[in-house]
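1. no sequence on this one, just coordinates:
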């Protein structure tokens, strides 16, 4: 957790004396003050200003330029030796030296989670980079010309603090949001404001901006090994991933749901620490919503390790009760149906002094369910194994064996031309398209073409464990979720830790053979072997999963009738330009008569959109910063 930002005014900072921070940079620092626990630092030279407020490290200045950094480097010791730097050298000094020696190629050597910006004094250019999965956020605004500027920040609210940066909604982003689609890798909801995609660098000169990729997902070479050896190797890699994210002297906690992913992280944490003292388990419980409640499983994990459990009664939460406060923290429009749960969980963790909070986020995407192995078995003529796996998979997940064959064998085995022809017929009929967005907007922004292009990618990957595994890990929504979690955690003074998304874990899991992803009807087979002994058997061999979409559905219907009525009254002028209103009315009435997750999510998005548009128009509501208790930060002003 930390904050960085900067402004480069190509015409200089008129009226700003000497090394004083530019007023826009001071406002940016105040907007991002919740992200820092350490010393606030400013760097000034001509028309360039940098800002940093982080928990670790000091800045680098001198002949190599100036640098601000947010994050963690995992190969510090190795790089210090290679660059002939003393053990106590700061991360900023290390990065500045690495860039001076290898230029942008230095990124291939960096391991960790980071966002940084460096001023190249020799080239008179700005260099920025972001980690491989986009765990650390980085946004920017660029306006060309002699009187233009380039600004960057850890959160969009930092850019909003800079005079001249617009707050104009992007119509295509509204359309995608109404349709329930996530943002692209470089997109934000605002005109002129973008994000640096994960695994990319950026070079900024006065007249141009260049962006390039330095990393692409590729499988590691797993090599030969039996089940025990492969499980032990995955255990070692996950243990290292957990250890890298621990902070000396900081209290650790874990989001514990009762599923195998979070339970695995809890067990690995207990193993790394050597004790459970001070390890806090933060969990959502739903005593009155049985389809969401996993209390028996999470209690088994708590008892297994002797953790301190802090349950949050999620079945009593109001999904829209603090919506404008978390819209502020999320910088506005965001797809996050369960964000109200995360708010309650982070608040609980902060109340118990947690500073680093671990989770098992998307461990199933990292290790892979591997259900496409069924089609691979059919192609290989392994019918007996296929029949057994299909039956075990179906019986463990509550659907029929015929459904397993139809979805995971017969459809993927149709010849590709046949599958493409079926998709084209659906496209010609308009099937599979959202009915809520206004038709003229869909045509203007090519929504149908984009949806069908995405479906063609899924069609091409189906029936192949490797291709489907890659496709899910390459999803653009992952970086958006990481950014959302980072913003919420930072507000509460917490650093979010996602060990499953350590590159050495991801690349190795991608390289695993198919039978390590699905076997004996067990998805994520390799993970189940890797956590044997540190996860209770009732959880390790679990096949089902709770449906938390039911929580939002029931709670929205229970607590938010006033807000739902407002959608058809005062919110209508804001929403009608983007919605087919007759379709929206139908959804509204259907939800009132028979609450269901699909309609719930439509109404939730409509409420978020209305509040977002109203706040942008008035400057009030979610645009107003909620109170935050914090201690003052020391400030230092330097000249690069």
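-> Now that the structure is in, tell me what you want to look at. Since the structure is predicted, the reported quantities are computational estimates derived from the model, not experimental observations. Residues are numbered from 1 along each chain as shown.

2. only C-alpha atoms for contact and neighbour calcs from this point on.
-> Fine.

3. which ones are touching residue 595?
-> Residues near residue 595 by C-alpha atoms under 8 Å, 6 or more residues apart in numbering: 553, 554, 557.

4. can you check residue 388 too?
-> Residue 388 touches residue 520, counting by C-alpha under 8 Å, 6+ apart.

5. pull the number of nearby residues for residue 555.
-> Residue 555: 19 surrounding residues under other C-alpha atoms under 10 Å.

6. could you check the helix or strand harbouring it and say which residues are buried?
-> In this assignment (DSSP states H and E), residue 555 forms part of helix 549-559. Buried residues in helix 549-559, defined by neighbour count with 16 or more other C-alpha atoms under 10 Å: 549, 550, 551, 552, 553, 554, 555, 556, 557, 559.

7. gap between the fifth one and residue 464?
-> Going from residue 553 to residue 464 by C-alpha to C-alpha, to the nearest Å gives 34 Å.

8. swap in the third one?
-> The gap separating residue 551 from residue 464 is 34 Å, by C-alpha to C-alpha.

9. same deal with the fourth one?
-> Distance from residue 552 to residue 464, counting by C-alpha to C-alpha: 34 Å.

10. then the first one?
-> For residue 549, the distance to residue 464 under the criterion C-alpha to C-alpha works out to 29 Å.

11. just the second one next, same as before
-> Counting by C-alpha to C-alpha, the separation of residue 550 from residue 464 is 31 Å.

12. residue 300 contacts residue 540, doesn't it?
-> No - under the criterion of C-alpha atoms under 8 Å, residue 300 is not in contact with residue 540, lying 10.9 Å apart.

13. more neighbours: the two, which one.
-> residue 540 (23 against 18).

14. give me the domain ranges for the protein.
-> 2-216, 227-367+475-540, 560-623 (automatic domain parsing).

15. middle-most residue in this structure, spatially?
-> When C-alpha atoms, centre = their mean is applied to the chain, the residue found nearest the centroid is residue 482 (1.8 Å).

16. that residue: which element?
-> Using DSSP H and E, residue 482 sits in helix 477-491.

17. mind giving me the packing neighbours of that helix?
-> The criterion is 3 or more C-alpha pairs under 8 Å, 6 or more residues apart in numbering; DSSP states H and E, and the helices and strands that helix 477-491 contacts are helix 323-329, helix 339-351, strand 495-497.

18. that helix - what's its average pLDDT?
-> Here helix 477-491 scores 95 as its mean pLDDT.

19. again, but for stretch 608-618
-> Stretch 608-618 shows a mean pLDDT of 96.

20. then stretch 229-242?
-> Stretch 229-242 comes out with an average pLDDT of 97.

21. what residues of it count as buried?
-> Per 16+ other C-alpha under 10 Å, stretch 229-242 contains these buried residues: 230, 231, 232, 233, 234, 235, 237, 238, 239, 240, 241, 242.

22. hang on, the first one packs against residue 528?
-> No - Residue 230 lies out of contact with residue 528 (C-alpha under 8 Å); the separation is 11.2 Å.

23. hmm, back to that, highest average neighbour count across the helices and strands packed on helix 477-491?
-> For the helices and strands packed on helix 477-491, the largest average neighbour count (mean count of other C-alpha atoms under 10 Å) is found in strand 495-497, namely a mean of 25.

24. and that one, which strands flank it?
-> Using DSSP bridges, strand 495-497 pairs in its sheet with strand 356-358 (parallel).

25. circling back to that earlier point, now pLDDT too, for the contacts of residue 595, in JSON lines please.
-> What follows is the contacts of residue 595, written out as JSON lines (pLDDT from 0 to 100):
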{"residue": "553", "pLDDT": "95"}
{"residue": "554", "pLDDT": "95"}
{"residue": "557", "pLDDT": "96"}
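
26. tell me the one of the residues you listed nearest residue 512?
-> Set against residue 512, the nearest of these by C-alpha to C-alpha is residue 553 (37.8 Å).

27. the closest one reaches residue 602, doesn't it?
-> No - using C-alpha under 8 Å as the test, residue 553 is too far from residue 602 to be in contact (10.7 Å).

28. contacts only, for the closest residue to residue 625 other than its chain neighbours.
-> In space, and not counting its chain neighbours, residue 625 is closest to residue 328: 6.7 Å by C-alpha to C-alpha, 6 or more residues apart in numbering. For residue 328, the contacting residues are 622, 623, 624, 625, 626, by C-alpha under 8 Å, 6+ apart.

29. by neighbour count, which of these wins?
-> In terms of neighbours by other C-alpha under 10 Å, these top out with residue 622 at 24 neighbours.

30. how about that one: what's its closest non-neighbour residue?
-> Closest residue in space to residue 622, ignoring its immediate chain neighbours: residue 324 at 4.4 Å, by C-alpha to C-alpha, 6+ apart.

31. for the one you found, give me its contacts.
-> 611, 621, 622.

32. repeat for residue 620
-> residue 614.

33. how about 6 Å then?
-> Residues counted as contacts of residue 620 (C-alpha atoms under 6 Å, 6 or more residues apart in numbering): none.

34. quick one: list the elements packing against the biggest helix by length in the chain.
-> Counting residues, the longest helix found in the chain (DSSP state H) is helix 597-618. Under the contact criterion of 3 or more C-alpha pairs under 6 Å, 6 or more residues apart in numbering; DSSP states H and E, helix 597-618 touches helix 549-559.

35. what about the stretch 251-400 of the chain, any weak spots by pLDDT?
-> The stretch 251-400 of the chain contains no residues with pLDDT under 70.

36. where do the strands sit along it?
-> Under the criterion DSSP state E, counting those that start in this stretch, strands of the stretch 251-400 of the chain are mapped to 252-255, 280-285, 308-313, 356-358.

37. and the second one, how far out from the chain's middle?
-> Think strand 280-285. Centroid separation for strand 280-285 versus its chain: 20 Å, with C-alpha atoms, centre = their mean, to the nearest Å.

38. what lies in contact with it?
-> Residues outside strand 280-285 that contact it (C-alpha under 6 Å, 6+ apart): 253-257, 293, 308-314.
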